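# predicted model follows, preceded by the sequence.
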Amino acid sequence: MENRDIALPQVSEEVDKPISGSIVAGKNQTLVSIIILAHNQIEYTRKCLDSIFKYTDVPFELIAIDNGSTDGTLRYLEDIKEGRVEIGGWRVRVDEEGEVRADKVRSGKGKRKRRERTEIKEFACKQFKVIRNEKNLGFASGNNQGMAEARGDYLLLMNNDVVVTSGWLERMIAVAERKPEIGIVGPVSNYVSGPQWVKEVAYDPRSLEGLDQFAQRYAQNRNGHAKPFWRVVGFCMLIKRAVVEKIGGLDGRYGLGNFEDDDFSLRATLAGFESWIAEDCFVHHFGSRTFTGARIDYNKSLNENWEIFKKKWGIPVEVNYGAPYDMAQVLRQGFIPAKHYYPLNPEKFSASQGEELFQSGDIEGAKHIFNRILEGNPKHVDALNNLGVITFQEAKIDEAISYLKRVLELDPNHLDALENLGHCLVARGAYWEAVEWFKKASDLKPDDTRLLNSLANCFVQTGEFAKAEGIYARSHQLDSTQSPVIKILAELGRLKEFKVERRMTP
């Protein structure tokens, strides 16, 4: 989600020229849901929120997700809500419904300050919500929580190590409102990959001294300039609500982070939306603070998620990270809801969606959906059964058996699980154990030739040829077109004769 890029075609011709009209037009009619995800790194969260409260004039709601922090981040967010700390020149009070009232802190004579009461309509932040997770759910899942709570016309995902500048949000909205097809907009920054990167900056990137002055000069020089690009990096991503309604949220299979923003942008492209860069909007990005603080190997995470991305999108395994690859075939497939829509809420995942992904070859996607279903409902038998099938095909027999036995503890007559458990035991060579489960399945569906054949095969493997012959005969009676069964019956007849001859020989 930060300092990396892959080669994909742009979604349209590059347009690098001013946008006509006022950049603040319609701001009073627009509500933006700003979603901040934080896992520790409280000092950066302070800088981020302070800049938002100081430099944001467009009406917004702030949704802060504390992703299992242990450094006092949650207490800090609560202190803001209760007016115990000053933020961006304001002290705010948040009621039980999340509605905000604010006091503007202004400088008085000497070192004293005075507070001036303002009405809600004069303060840009309309709501402030805090979501607490007991553990770090990762970039995608945490942001999806925030998006599920959002009520804005736009949803803006922002890392907690971003510092915004004067007029930042108006400029991004101006690009988004240029035409309906624009669905995602990103700013430029000092720490980001691809065309959003500004190589030379004239301010101190550590102390941030001179940041706002530099950003204003940069905005004036590039006023109204914007260009399309296939991907917007997720450190600061403005998204129209229509995009989320069409493609859902971020794909959680990428874990703690990396490539979920590439994935999101690509899915948006397939759904008919364009991604653009607001070249006159500069924000500062410290970069990789969460990874560094959590002592996560960023490059390792990057390469692991690149492998996930390749599998999902059908990129050949031999393509290395950073190497160009023509995605024209992927882009031609169009938007397929079962493959490209990702629900914001785990309870909205369906087993059928996972099964469709499995049938399409997206095994990792299917596994992720079934696991998310189980997070919300650990007793979901279809999700458990499907995971049993997948792990069986991955040759993880013990794991598959574990899933299937959990299904049968919940539903002893689950036909698919009975049959699947039988096949797992056959793969182990435990034919007598498999007989038990195939019998139970066959009792539930006595005319199923597939079950009868599986049961008969177990008897063949254990040398019980007479029993096998009787069951195969029943299967043949139900469906006489089964040529393999005809051949097996003939062979069983010879085996029985051979067995009798051996017994009679002195």
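Yep, that arrived. This structure is a prediction, so every number in the text was calculated from the model and none was measured.
# for the helix or strand hosting residue 279, packing partners?
Assigned by DSSP states H and E, residue 279 belongs to strand 274-285. Helices and strands touching strand 274-285, by 3 or more CB pairs under 8 Å, 6 or more residues apart in numbering; DSSP states H and E, are strand 162-163, helix 168-176, strand 182-189, helix 211-221, strand 226-228, helix 260-270. Every residue, glycine included, has its C-beta placed from N, CA and C.
# helix, strand or coil: sort out residue 100 for me.
With DSSP: H, G, I helix; E, B strand; the rest coil as the basis, residue 100 sits in strand.
# cool, residue 202 as well?
Assigned with three-state DSSP, residue 202 falls in the coil class.
# returning to what we had before: now find how far off-centre the strand holding residue 279 is within its chain.
23 Å (CA atoms, centre = their mean, to the nearest Å).
# partner strands of that strand and their direction?
strand 162-163 (antiparallel), strand 182-189 (parallel), strand 226-228 (antiparallel) (DSSP bridges).
# okay if I get the ones you listed as JSON lines plus distance to residue 391, mean neighbour count and mean pLDDT?
Shown next, in JSON lines, are those (distance: least, CB to CB, whole Å; neighbours: other CB atoms under 10 Å; pLDDT from 0 to 100):
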{"stretch": "strand 162-163", "distance to residue 391": "40", "mean neighbour count": "24", "mean pLDDT": "97"}
{"stretch": "strand 182-189", "distance to residue 391": "36", "mean neighbour count": "26", "mean pLDDT": "98"}
{"stretch": "strand 226-228", "distance to residue 391": "42", "mean neighbour count": "20", "mean pLDDT": "96"}
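# out of those strands, nearest to residue 217?
Closest to residue 217 of the strands paired with strand 274-285 is strand 182-189 (CB to CB; 13.3 Å).
# for the strands paired with strand 274-285, give me JSON lines that also has distance to residue 100.
What follows is the strands paired with strand 274-285, written out as JSON lines (distance: least, CB to CB, whole Å):
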{"stretch": "strand 162-163", "distance to residue 100": "21"}
{"stretch": "strand 182-189", "distance to residue 100": "25"}
{"stretch": "strand 226-228", "distance to residue 100": "31"}
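# contacts only, for residue 134.
residue 68 (CB atoms under 8 Å, 6 or more residues apart in numbering).
# thinking again about what came up before, and the strand holding residue 279, what's its mean pLDDT?
Mean pLDDT, strand 274-285: 97.
# next: stretch 164-173.
97.
# the spatially closest residue to residue 287 that is not a sequence neighbour: what secondary structure?
Spatial nearest neighbour of residue 287, excluding adjacent residues (CB to CB, 6 or more residues apart in numbering): residue 191 at 3.7 Å. Three-state call for residue 191 (three-state DSSP): coil.
# can you check the one 4 residues further on too?
At residue 195, secondary structure determined by three-state DSSP is helix.
# shaky segments in the stretch 1-150 of the chain?
Within the stretch 1-150 of the chain, the stretches with pLDDT under 70 are 1-29, 107-122.
# so how far is residue 302 from residue 133?
According to CB to CB, to the nearest Å, residue 133 and residue 302 sit 24 Å apart.
# actually residue 93, not the one I wrote
Taken as CB to CB, the span from residue 93 to residue 302 is 42 Å.
# one more: residue 352?
From residue 352 to residue 302 the distance is 33 Å (CB to CB).
# residue 231 too?
On the measure of CB to CB, residue 231 and residue 302 end up 15 Å apart.
# of the two, who's got more company?
residue 231 (27 against 19; other CB atoms under 10 Å).
# the more buried one contacts residue 267, correct?
No: counting by CB atoms under 8 Å, residue 231 stays clear of residue 267, with 11.0 Å between them.
# using the three-state scheme, assign residue 33.
Quick answer, by three-state DSSP: residue 33 is strand.
# show me what it is bridged to.
The residues that residue 33 bridges to, once DSSP bridges is applied, are residue 61, residue 155.
# just the one 5 residues further on next, same as before
Judged by DSSP bridges, the bridge partners of residue 38 are residue 66.
# so who does it touch?
Residue 38 neighbours (CB under 8 Å, 6+ apart): 45, 64-67, 69, 73, 160.
# low-scoring stretches of the stretch 201-350 of the chain, by residue?
For the stretch 201-350 of the chain, the ranges with pLDDT under 70 are 288-296.
# next secondary structure after whichever strand or helix holds residue 76?
Per DSSP H and E: residue 76 is located in helix 73-81. Downstream of helix 73-81, the first helix or strand assigned by DSSP H and E is strand 90-94.
# in the strand holding residue 279, what's buried?
Neighbour counts over strand 274-285 (16 or more other CB atoms under 10 Å) mark 274-285 as buried.
# same question for stretch 85-93.
For stretch 85-93, by 16+ other CB under 10 Å, it's 85-88, 90-92.
# tell me how many other residues surround the closest residue to residue 94 other than its chain neighbours.
Using CB to CB, 6+ apart and skipping residues adjacent in sequence, the residue nearest residue 94 is residue 81, 4.0 Å away. Residues near residue 81, counting by other CB under 10 Å, number 20.
# and the gap between residue 81 and residue 315?
Counting by CB to CB - residue 81 and residue 315 are separated by 45 Å.
# would you verify that residue 476 is located in a helix?
Yes: Residue 476: assigned to a helix according to three-state DSSP.
# so it sits against residue 482, correct?
Yes: counting by CB under 8 Å, residue 482 is a contact partner of residue 476 at 6.3 Å.
# mind listing the strands for this protein?
32-38, 60-67, 90-94, 100-107, 113-118, 125-133, 154-159, 162-163, 182-189, 226-228, 236-240, 274-285 (DSSP state E).
# tell me, what residue is most central in this protein?
residue 251 (2.0 Å; CA atoms, centre = their mean).
# wait, it touches residue 265, no?
No: judged on CB under 8 Å, residue 251 makes no contact with residue 265 at a distance of 11.6 Å.
# before we move on, back to that, show the contacting residues for the residue nearest to residue 94.
Contacts of residue 81 (CB under 8 Å, 6+ apart): 92-94, 128, 130.
# equivalent analysis for residue 424, please.
Residues 388, 392, 397, 400-401, 404 are the ones in contact with residue 424 under the rule CB under 8 Å, 6+ apart.
# let's go with 10 Å and repeat that
For residue 424, the contacting residues are 388-389, 391-392, 396-405, 430, 433-434, 437, by CB atoms under 10 Å, 6 or more residues apart in numbering.
# which of the residues you listed count as buried?
Buried among the contacts of residue 424 by 16+ other CB under 10 Å: 388-389, 391-392, 399-401, 403-404, 434, 437.
# take the residues you listed and keep only those in helices.
With DSSP state H as the criterion, helices contain 388-389, 391-392, 399-401, 403-404, 434, 437 from among these.
# give the buried residues for stretch 186-204.
Here stretch 186-204 shows 186-196, 198, 201, 203 as buried, counting by 16+ other CB under 10 Å.
# then stretch 243-263?
Buried-residue list, stretch 243-263, by 16+ other CB under 10 Å: 243-244, 246-263.
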